[in-house]
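sharing a model prediction with you, sequence too.
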Amino acid sequence: MATLDQKSPNVLLQSLCCRITGKSEAEVAHQFQYAVRVIGSNYAPTIERDEFLVSEKIKKELLKQRREADAALFSELHRKLQTQGVLKHRWSVLYLLLSLSEDPRKPSSRVGNYGALFAQALPRDAHSTPFYCTRPQSLALGYGERSAGLSASVGTSGISSLGVYTLNGPTPTPQSLLAGQPPQSAAGGGQPLGSRLAWALPVSSSPSSALAPPTARPPLGPPVPATRVIRPRRDGDPAGEVSEAALVRDILYVFQGIDGKFIKMNAQDNCYKIDSKVVLCKSLRDTSSRLAELGWLHNKVRKYTDARSLDRAFGLVGQSFCASLHQELKEYYRLLSVLHSQLQVEDDQGVNMCTESSLTLRRLLVWMYDPKVRLKTLAALVDFCQGRKGGELASAVHAYGKTGDPQMRALVQHILSLVSHPILNFLYRWIYDGELEDTYHEFFVASDPNVKTDRLWHDKYSLRKSMIPSFITMDQARKVLLIGKSINFLHQVCHDRTPPGKITPASKSADTPKDAAELLSDLEGAFQEKIDAAYFDTSKYLLDVLNRNYLLLEHLQAMRRYLLLGQGDFIRHLMDLLKPELARPATTLYQHNLTGILETAVRATNAQFDNAEILKRLDVRLLEVSPGDTGWDVFSLDYHVDGPIATVFTRECMGHYLRVFNFLWRAKRMEYTLTDIWKGQMCNAKLLKTMPELSGVLHQCHILASEMVHFIHQMQYYITFEVLECSWDELWNKVQQAQDLDHIIAAHDVFLDTIISRCLLDNNSRSLLNQLRAIFDQIIEFQSAQDSLYRSALEELTLRLQYEEKKQQREEEGQWGVTAEQEAEEKKRIQEFQETIPKMRSQLRILTHFYQSIVQQFLVLLMTSSDESLRFLSFRLDFNEHYRAREPRLRASLGATRGRRMSNI
């Protein structure tokens, strides 16, 4: 049984070298050292690790050699190998077989010298990690395993613009391991070994063996050490001038933000400068200064990432931005590692700076052009993103993507995909689960935990406009806010326990930056479709719950019927029942008595057929009592709202309903009062025909009453049809077409605002409302005056009838009808009554004058109003120009109004 030492990697590798070369352990020391360096290197092939491609390439090689049977056998064996789990790294085995099958006598298809390597176009991705000039003289065998993941990684953003040492295809088999041959050039001539194997060359190998022909064999025994002629790099010549090689070495350090020997950071000027004491020609000095800018750009980006990476308050979006910058710097470091490796190889092999393959400042200037442009973009991006976080940071990155340079656009898009990834995760959790975990306030939806449930819809959630990314439109942001708000409203206010997944099916979220990049590339397509689907599903479900479980539309109609006096039979009967109570002083009213009358009115009219849920919310409310108020002044209907419907009918809305109800109730009272006035006139007209002295006063009452009736009828028509019915029709159409709860709330608010404005209850119509109330007061005063007139007239009529009846009765008894004393007393009483008639006439004349003057002022205000419907109302109120003939301002206003209309036409 073999011991542990016999199974160690070193022992096994040495045994493999002996088996391949057929030599003893002492003779294969050179090859063993070479194998150790190859295995311990940190290089990996740049081809893709695709087992299928390698197997296909092997089959093609067999077919080229006319070995169809072997190709078929290989295909069958490979198929069986895939079905068994014996080997985990089948690709590596196949790649090794493909490498061993290559004919070492053929010229290598890869670059064989430095001139050819650096003369061809530079690939985008570099696959070496930054080693900072550390030369692997002796590496443990496990080093390759530890660094394999890093060395084989592929750059994602492509900041580097140099390959490592091999461009395509498998690595050539070293000649020193085949048949005991020493290392030789891959091209077979006097050229140095390919750059990918440069570090693997043993230090003690002689130039003669490296340049030996392929058939030459080294002598048996240990290799004889030989002195390799290496031209050392000099920092300066005897004259004191710095060589270009020294500048190249300094520049490579400056690229990493490290001060070199001759080029150092000048803190005062904030730039890298060459020491003024250094003797250097102007062209080299200018080229070095241009190259040193990369170090300054690198420091700027690195300083930002170092400062922000540890700042937790920067948030997830900021950390993603730092991660993207780190990724770009990593690719930049890979490029620098390539340059360092090339410089190290030149040092090891003594390459003169004058050769075509050496590193020079001009070559660096060409190779670093693309990285410099990318670093400039990153530095500018860092400057622009200072002080920004969250969605504002994403907007700043997105703004830099609007460029015509495809490479810069790809760079910014890659960074944006990383930066927007947390935002899209926030967004998907919000629209599909209603969850908002925004610890650092980066998302554009804000939540206020202090808001109570009854104000959840209006105040708890809002948009942070500064955090809305520029690639998300305001309409999309509003929909996103509504979706999550609807889900939380359903759970917390409506107490609906339906899982969000059943309301709207969750689509694939942005699990990776790649998914985020795909969404960002199609903002008007897939992304918009996801937002719209979640918005329509969630909003439709919420409206269904409100209408089905909480009778939202029925409550809206109840507001129209009861608070806006739409239920005519109920309102009329209620006024009839309340008239005795409301005529009393307001301080003598009791709410429970009024509530009982309200219930009686409900049971006696069609209101009894309404839903019980609606009727139990209808109630009586007494306003604050002022001195001298009657019941008419303080009575009001009320409608109790709570739960989800209180979101639509807020306290502010109910306050508006109360104001409109009081206005409509007062206007309805005027109509009711004028009806009583007309009935009194009709009933007393025949009775008072026997009193001809009252004909003039009664005629004056009839004329004034007719004016008031005409005015109130026109006002009622305007309020009922032009204001309430038209506004209600618009509201109902908008509610039926509403897509979300916000649309209903907005339509309802517009409805109330329109009513408040056109019913003269807003601040702009305060003067009109004062005039209208004065007209209402004149109607009440006229009612009192007419009642007093009829009361005194009827009393006089009763006394006269009694006098005549008594006179007739005495005549029938055969007596004198009246005595002289009684007749004188009767004439005196009639004369006293007739003396009161001029007072009544003058009182009515004053009342008429006040009423007409107030109406004329009201008409002037209507004519000068900006609302066209109010101007038309003035035409109807003065249809026969009765008031216009008395008021010159009406003629002027009418002419001005017509002039404005003609100018508009």
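Thanks, I have the structure now. Residues are numbered from 1 along each chain as shown.

can you pull the phi/psi pair for the residue nearest to Y717 when sequence neighbours are not counted?
Once flanking residues are discounted, Y717 sits nearest to R876: 7.9 Å by C-beta to C-beta, 6 or more residues apart in numbering. (C-beta placed from N, C-alpha, C; glycine too.) When quoted as degrees, to the nearest 10, the phi and psi of R876 stand at phi -70, psi -40.

I'd guessed R876 sits against H713; true?
No. Judged on C-beta atoms under 8 Å, R876 makes no contact with H713 at a distance of 9.6 Å.

neighbours around R891, how many?
12 (other C-beta atoms under 10 Å).

for the stretch 51-200 of the chain, give me the ranges with low pLDDT.
Low-confidence segments of the stretch 51-200 of the chain, defined by pLDDT under 70: 103-200.

for the protein, longest helix please?
Taking DSSP state H as the assignment, the helix of the chain that covers the most residues is helix 766-812.

tell me how far that helix lies from the chain's centre.
Centroid displacement of helix 766-812 relative to its chain, using C-alpha atoms, centre = their mean, to the nearest Å, is 71 Å.

what helices and strands are in contact with that helix?
Helices and strands touching helix 766-812, by 3 or more C-beta pairs under 8 Å, 6 or more residues apart in numbering; DSSP states H and E, are helix 651-685, helix 695-717, helix 820-863.

now those in TSV, with distance to Q809?
Output for these, formatted as TSV (distance: least, C-beta to C-beta, whole Å):
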stretch	distance to Q809
helix 651-685	26
helix 695-717	29
helix 820-863	13
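
including mean pLDDT, distance to D610 and mean neighbour count, could those go into CSV?
Below are the helices and strands packed on helix 766-812 laid out as CSV (pLDDT from 0 to 100; distance: least, C-beta to C-beta, whole Å; neighbours: other C-beta atoms under 10 Å):
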stretch, mean pLDDT, distance to D610, mean neighbour count
helix 651-685, 93, 17, 17
helix 695-717, 93, 25, 17
helix 820-863, 89, 37, 15
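
of all the ones you listed, which one is nearest T587?
helix 651-685 (18.7 Å; C-beta to C-beta).

which strands and helices lie in contact with the closest one?
Applying 3+ C-beta pairs under 8 Å, 6+ apart, we find helix 651-685 packed against helix 568-582, strand 635-639, helix 695-717, helix 741-758, helix 766-812.

quick one: residues contacting the residue nearest to R312 when sequence neighbours are not counted.
Excluding the flanking residues, the one nearest R312 by C-beta to C-beta, 6+ apart is Y440, at 7.6 Å. Going by C-beta atoms under 8 Å, 6 or more residues apart in numbering, Y440 touches R312, A313, F314, G315, L316, K389, G390.

could you do R584 as well?
T630, G631.

may I have the phi/psi pair for it?
According to degrees, to the nearest 10, R584 has phi -80, psi 160.

do Q65 as well
Dihedral angles for Q65 - degrees, to the nearest 10 - are phi -90, psi 10.

can you tell me which residues contact it?
Per C-beta under 8 Å, 6+ apart, neighbours of Q65: none.

picking that back up, what's the closest of the contacts of Y440 to A71?
L316 (53.5 Å).

verify the stated contact: the closest one with S420.
No. Taking contacts as C-beta under 8 Å, L316 lies outside contact range of S420: 11.0 Å.

neighbour count for the two, which is higher?
When L316 and S420 are compared on other C-beta under 10 Å, the one with more neighbours turns out to be S420, at 27 against 21.

gap between the more buried one and E392?
Per C-beta to C-beta, to the nearest Å, S420 is found 12 Å from E392.

the helices in the stretch 201-350 of the chain, which residues?
In the stretch 201-350 of the chain, the segments counted as helices under DSSP state H, counting those that start in this stretch are 207-210, 244-255, 282-309, 315-349.

those helices: which one's closest to K530?
Comparing the helices of the stretch 201-350 of the chain under C-beta to C-beta, the one sitting nearest is helix 315-349, at 20.3 Å.

measure how far the closest one is from the centre of its chain, please.
Relative to its chain's centre, helix 315-349 lies at 36 Å (C-alpha atoms, centre = their mean).

any idea of the mean pLDDT in the next helix or strand along the chain from that helix?
Where DSSP states H and E defines the elements, the next helix or strand beyond helix 315-349 is helix 361-367. Averaged across helix 361-367, pLDDT comes to 88.

cool, stretch 32-40 as well?
Averaged over stretch 32-40, pLDDT sits at 77.

stretch 531-547 now?
Here stretch 531-547 scores 94 as its mean pLDDT.

how about stretch 384-395?
On average, the pLDDT along stretch 384-395 is 90.

how is the chain carved up into domains?
As assigned by the TED database, the chain contains the domains 244-348+357-387, 401-550, 566-649, 653-812+821-892.

chain center to the last one: distance?
Which is domain 653-812+821-892. With C-alpha atoms, centre = their mean, you get 56 Å for domain 653-812+821-892.

can you map out the helices along the stretch 501-650 of the chain?
So, for the stretch 501-650 of the chain - with DSSP H, counting those that start in this stretch - the helices run 513-520, 528-549, 552-558, 568-582, 591-604, 612-615, 631-634.

could you dump those helices to JSON lines with mean neighbour count and distance to T287?
Below are those laid out as JSON lines (neighbours: other C-beta atoms under 10 Å; distance: least, C-beta to C-beta, whole Å):
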{"stretch": "helix 513-520", "mean neighbour count": "19", "distance to T287": "38"}
{"stretch": "helix 528-549", "mean neighbour count": "18", "distance to T287": "51"}
{"stretch": "helix 552-558", "mean neighbour count": "18", "distance to T287": "76"}
{"stretch": "helix 568-582", "mean neighbour count": "17", "distance to T287": "95"}
{"stretch": "helix 591-604", "mean neighbour count": "15", "distance to T287": "96"}
{"stretch": "helix 612-615", "mean neighbour count": "13", "distance to T287": "87"}
{"stretch": "helix 631-634", "mean neighbour count": "20", "distance to T287": "94"}
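
ok, of the ones you listed, where does mean pLDDT dip lowest?
Among those, helix 513-520 scores lowest, at a mean of 68.

give the buried subset of the contacts of Y440 as a ChimeraX selection command.
Those of these that count as buried under 16 or more other C-beta atoms under 10 Å are selected in ChimeraX with:
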select :314,315,316,389,390
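
so the residue sitting furthest away from the middle of the chain is in which element?
When distances are taken from the C-alpha mean of the chain, G814 lies farthest, 106.9 Å away, according to C-alpha atoms, centre = their mean. In the assignment (DSSP H and E), G814 maps to no helix and no strand.

burial count for S320?
24.

meant to ask about Y304, not that
The number of residues near Y304, taken as other C-beta under 10 Å, comes to 20.

leaving out chain neighbours, which residue sits closest to it?
V382 (4.5 Å).

could I get the buried residue list for the helix or strand containing that neighbour?
Using DSSP H and E, V382 maps to helix 369-384. For helix 369-384, a neighbour-count test (16+ other C-beta under 10 Å) marks D370, P371, K372, R374, L375, T377, L378, A379, L381, V382 as buried.

how far off centre is that helix?
Worked out by C-alpha atoms, centre = their mean, helix 369-384 lies 29 Å from the chain centre.

mind giving me the packing neighbours of it?
Secondary-structure packing of helix 369-384 (3+ C-beta pairs under 8 Å, 6+ apart): helix 282-309, helix 315-349, helix 390-400, helix 406-433.

nearest to P500, of the ones you listed?
Short answer: helix 406-433, nearest of those by C-beta to C-beta, at 5.4 Å.

R560: neighbour count?
For R560, the count of nearby residues is 17 (other C-beta under 10 Å).

need the domains of the chain in CSV (columns: distance to Q84).
Shown next, in CSV, are these (distance: least, C-beta to C-beta, whole Å):
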stretch, distance to Q84
domain 244-348+357-387, 38
domain 401-550, 33
domain 566-649, 64
domain 653-812+821-892, 59
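
measure the closest residue to A313 other than its chain neighbours to P422 for me?
Excluding the flanking residues, the one nearest A313 by C-beta to C-beta, 6+ apart is Y440, at 6.1 Å. From Y440 across to P422, the span is 10 Å (C-beta to C-beta).

overlap in contacts of those two?
Joint contacts of Y440 and P422 (C-beta under 8 Å, 6+ apart) are G315, L316.
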